[in-house]
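1. compute the structure for the input listed below.
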Amino acid sequence: MDGGDDFSTIDVKFTPTIPHCSMATLIGLCIRVKLLRSLPKRFKITVRINPGTHASELAINRQLNDKERVIAALENVHLLTVVNKCISNGMKGTN
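-> Have a look, this model is predicted:
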């Protein structure tokens, strides 16, 4: 975390389970939304896949850090429900 005069930046890097992980975008979106909801607005958040750990790393990083794409994704009611569930209980079962 880097501090500045009027804002701070949060740079999160994560490693998907496998190089072709189909959940990488969802995982990154969940991380971004959790941070957006938890931190003051002054923070600039960047969420990225660790270099070399996913086949579509550049495309996913671009999606995760494009405000308009994130907003559009969260307008999808089904996707928003999945993200909220992931954030609320860490994808644990309901048992």
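2. any stretches of the chain with poor pLDDT?
-> Flagging of the chain using pLDDT under 70 yields the residue ranges 1-7, 90-95.
3. biggest helix in it, by residue count?
-> With secondary structure taken from DSSP state H, the chain has its longest helix at helix 24-38.
4. pull the contacting residues for Thr15.
-> Thr15 sits next to 49-50, 53 when contact means Cβ atoms under 8 Å, 6 or more residues apart in numbering. Any C-beta I mention is one placed from the backbone N, CA and C, and that applies to glycine too.
5. let me know the closest of those residues to Ile71.
-> Closest approach between those and Ile71, by Cβ to Cβ: Ile49, at 20.6 Å.
6. hang on, the earlier thing: can you point out the buried residues in the longest helix of the chain?
-> Neighbour-count burial for helix 24-38, counted by 16 or more other Cβ atoms under 10 Å, picks out 24-34.
7. how far is it from where the chain is centred?
-> 3 Å (Cα atoms, centre = their mean, to the nearest Å).
8. which strands and helices sit next to that helix?
-> Using 3 or more Cβ pairs under 8 Å, 6 or more residues apart in numbering; DSSP states H and E, the elements in contact with helix 24-38 are strand 8-14, strand 43-49, helix 57-64, helix 67-74, helix 77-89.
9. which one of those lies nearest to His20?
-> The nearest among the helices and strands packed on helix 24-38, by Cβ to Cβ, is helix 57-64 at 11.2 Å.
10. which residues touch Asn50?
-> By Cβ under 8 Å, 6+ apart, Asn50 lies in contact with 13-15.
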